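Chemist: Could you work out the structure for the sequence below:
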Amino acid sequence: MNAAAIAPRSWAMLAVMVLGQASTTVVTATPAFLIPYLHAEQGMSLASAGMLAGAPSLGLVLTLIAWGALTDRFGERRVILTGLSLTTLAVGASMAAAAFAPGFVWLGVALVASGAMSACINNASGRLITGWFPVERRGFAMGIRQTCQPVGMAIAALAVPALANAWGVAAALAFGGALTLLSLIACAAVVVDPQIPAQKLAAVSSNPYRESGTLARIHAVSVLLVIPQFVLTSFGLVWFVIGFGWSELAAGALVAAAQLIGAGGRILAGSWSDRAGSRLRPIRIIAVACAALLIVAAAFGWADWAIPAAIVYVLVSCVSVADNGLAFTAVAEIAGPRWSGRALGAQNTGQFLASGLLPPAIGALIAVLGVPTVLALVAIAPLIAVPLVPSERDAHATATRTFRSGRAASPVEAPSERAS
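Modeler: Below you'll find the predicted structure:
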């Protein structure tokens with residue numbers, strides 16, 4: 001299928017998925033960017049504020065596989081519209097808890113609920129794009145889809161601290177809710193489920209997890225590589241505000257710049273994988289580069305060199321997110337149309353479980369050891385990931401055994417014809 005055959009409707013699907021995922025990213029990221037406000041204005045410890053920041057990720061963990069199974073069963077459109085509606089309601093509950101409930105317990109519960117509902121789009125958007133784009137353009141398209149996370153983080157980094165300082169926690173939460181409502185309207189107008197040919201569905205012969213450990217290895221690698229990503233995102237603002245004495249505005253601008261540059265890095269990584277004919281080989285290179293840059297960032301932090309530390313922070317933030325789209329695409333391609341929702345749910349579950357558990361532990365470590373030492377320790381994770389990345393031969397063999405047709409390179413085809 002050529003580029004003309006997939007435009008413009010496929011690109012419209014991609015655009016609304018980026019909007020929807022970016023909006024829900026703002027919802028789940030908002031508590032992380034409330035950490036300085038909660039610490040300075042509400043007197044919360046970094047460990048407690050970190051626990052609140054991890055609440056949406058824990059909600060995601062509880063429901064990702066379930067949303068994936070629902071997507072496999074009912075299709076992308078129903079799941080996306082239902083989930084975004086429930087996310088908007090959950091954000092409203094979070095605002096009410098922040099404004100009226102004493103303490104932070106009910107706010108934490110509401111944040112878990114908002115994360116749980118927002119998980120609807122994580123798997124469904126990946127399935128939708130995999131179904132609408134052919135294999136030779138899928139890495140590029142998925143790279144664009146993966147920009148939603150850094151773009152959402154950048155928006156939250158700029159907006160949330162300012163809104164919290166001006167109008168309080170409830171106003172900062174309302175921002176993500178408004179964006180989610182907007183994305184719900186856009187998805188209702190645009191999203192159409194991909195029509196997978198019957199012969200392609202009939203070609204699925206087995207559970208890919210029973211064929212080999214390839215998917216499990218990709219999940220493990222992604223968990224290890226998400227550790228530096230969430231540490232840099234959750235505590236980058238804290239590092240430059242508290243560690244280097246920057247203003248919240250300046251530190252927020254730095255974090256936002258890192259996220260936006262990281263968005264471009266994801267697109268380049270996706271295009272790289274299309275040209276290389278491999279999703280997995282680039283992941284190894286990215287892991288090595290991430291570990292090296294974390295050590296350099298730690299060294300500049302120990303030396304108290306703020307500007308070099310800021311430059312390396314941007315670089316390592318970009319590199320740390322570049323693998324996400326590659327692994328996501330590989331999982332969808334290997335799992336195929338009957339299993340991709342659940343497989344993508346498992347992929348995201350491991351990542352968000354790590355992100356939900358990490359903030360309290362990392363916050364406590366930073367309080368004792370400081371940010372530079374923690375960055376040096378975090379560099380161990382991508383080094384462990386390198387030998388765990390499966391070979392292309394293993395991935396191809398798993399997909400071939402899963403599909404009787406043997407077309408491992410493109411288990412899910414984009415629809416070539418649509419009703420207008």
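Chemist: SS state for the residue nearest the centre of the chain?
Modeler: The centre of the chain sits closest to Q149, judged by CA atoms, centre = their mean, with a distance of 5.3 Å. Using DSSP: H, G, I helix; E, B strand; the rest coil, the structure places Q149 in helix.
Chemist: so what's it up against?
Modeler: Q21, A22, T25, V321, N324 (CB atoms under 8 Å, 6 or more residues apart in numbering). For the C-beta atoms, the positions are set from N, CA and C on the backbone; glycine is no exception.
Chemist: got any ranges where the protein has weak pLDDT?
Modeler: 1-7, 195-206, 211, 355-356, 393-420 (pLDDT under 70).
Chemist: let's go with 50 and repeat that
Modeler: Residue ranges of the chain with pLDDT under 50: 1-4, 197-199, 201-202, 405-420.
Chemist: And the helices in the stretch 1-150 of the chain?
Modeler: 3-6, 9-33, 35-41, 46-53, 55-74, 76-100, 105-118, 120-132, 135-146, 148-167 (DSSP state H, counting those that start in this stretch).
Chemist: R217: how many residues sit nearby?
Modeler: 18 (other CB atoms under 10 Å).
Chemist: Tell me which helix or strand it sits in.
Modeler: helix 214-238 (DSSP states H and E).
Chemist: got the angle for that helix vs helix 46-53?
Modeler: 130 degrees (axes from the mean of the first three to the mean of the last three CA atoms, to 10 degrees).
Chemist: So for the following helix or strand past helix 214-238, what gets flagged as buried?
Modeler: For helix 214-238, the following helix or strand on the C-terminal side (DSSP H and E) is helix 248-276. Residues of helix 248-276 classed as buried by neighbour count (16 or more other CB atoms under 10 Å): 248, 251-263, 265-267, 269-270, 272-274.
Chemist: in the helix or strand containing N348, what's buried?
Modeler: Assigning secondary structure by DSSP H and E places N348 in helix 340-369. Under the neighbour-count criterion of 16+ other CB under 10 Å, helix 340-369 has 340-360, 362-363, 365-366 buried.
Chemist: returning to what we had before: off-centre distance for the helix holding R217?
Modeler: From the chain centre to the centre of helix 214-238 is a distance of 10 Å (CA atoms, centre = their mean, to the nearest Å).
Chemist: ditto for stretch 327-334
Modeler: Using CA atoms, centre = their mean, the offset of stretch 327-334 from its chain centre is 14 Å.
Chemist: Kindly report the same for stretch 98-117.
Modeler: 22 Å.
Chemist: Just the residues contacting that stretch, thanks.
Modeler: Taking CB under 8 Å, 6+ apart as the rule, stretch 98-117 contacts 27-28, 31, 44, 48, 51-52, 55-60, 62-63, 83, 86-87, 89-91, 93-94, 96-97, 168-170, 173.
Chemist: Which among those residues count as buried?
Modeler: Among the contacts of stretch 98-117, the ones that count as buried by 16+ other CB under 10 Å are 27-28, 31, 44, 48, 51-52, 55-60, 62-63, 83, 86-87, 90-91, 93-94, 97, 169-170, 173.
Chemist: ok, and the most crowded of the contacts of Q149?
Modeler: Going by other CB under 10 Å, V321 tops the contacts of Q149 with 30 neighbours.
Chemist: In this structure that residue contacts R266, no?
Modeler: Yes: between V321 and R266 there is a contact under CB atoms under 8 Å: 6.2 Å.
Chemist: Mutual contacts of the two, please.
Modeler: With CB under 8 Å, 6+ apart, V321 and R266 have common neighbours Q146, P150.
Chemist: any idea which of the contacts of Q149 is closest to L182?
Modeler: Comparing these against L182 with CB to CB places A22 closest, at 10.5 Å.
Chemist: How much space separates that closest one from A156?
Modeler: Per CB to CB, to the nearest Å, A22 is found 10 Å from A156.
Chemist: again, but for L60
Modeler: Taking CB to CB, one finds L60 at 16 Å from A156.
Chemist: again with G176
Modeler: 7 Å.
Chemist: Same question for I295.
Modeler: I295 is 28 Å from A156, by CB to CB.
Chemist: of those two, who's got more company?
Modeler: A156 (31 against 14).
Chemist: Check the spacing between that one and P150 real quick.
Modeler: Taken as CB to CB, the span from A156 to P150 is 10 Å.
Chemist: distance of A364 from G252?
Modeler: 24 Å.
Chemist: which one of the contacts of Q149 is nearest S222?
Modeler: N324 (7.4 Å).
Chemist: okay, now the nearest residue to that closest one once chain neighbours are set aside: neighbour count?
Modeler: Nearest non-adjacent residue to N324, counting by CB to CB, 6 or more residues apart in numbering: Q146, 5.3 Å away. Neighbours of Q146 under the rule other CB under 10 Å: 31.
Chemist: Q146 contacts R266, doesn't it?
Modeler: Yes: at 4.3 Å, Q146 counts as touching R266 under the criterion of CB under 8 Å.
Chemist: who touches both of the two?
Modeler: By CB under 8 Å, 6+ apart, the residues touching both Q146 and R266 are V321, N324, G325.
Chemist: For P387, see how far away A287 is.
Modeler: 10 Å.
Chemist: quick one, which of those two is more surrounded?
Modeler: Set side by side, A287 and P387 show more neighbours around A287, with 27 against 9, by other CB under 10 Å.
Chemist: Pull the number of nearby residues for G103.
Modeler: 8.
Chemist: What degree of burial does the closest residue to S340 other than its chain neighbours show, as a neighbour count?
Modeler: Leaving aside its sequence neighbours, S340 sits nearest to A332 (CB to CB, 6+ apart; 4.6 Å). Using other CB under 10 Å, A332 has 27 other residues around it.
Chemist: show me the contacts for A332.
Modeler: Contacts of A332 (CB under 8 Å, 6+ apart): G126, R127, T130, S340, A343, L344, V412.
Chemist: which one of these sits closest to A306?
Modeler: Nearest to A306 among the contacts of A332, with distances taken as CB to CB, is G126, at 38.1 Å.
Chemist: Is it correct that L254 is in contact with A310?
Modeler: Yes: if you go by CB under 8 Å, L254 and A310 touch, sitting 5.7 Å apart.
Chemist: which neighbours do the two share?
Modeler: With CB under 8 Å, 6+ apart, L254 and A310 have common neighbours F240.
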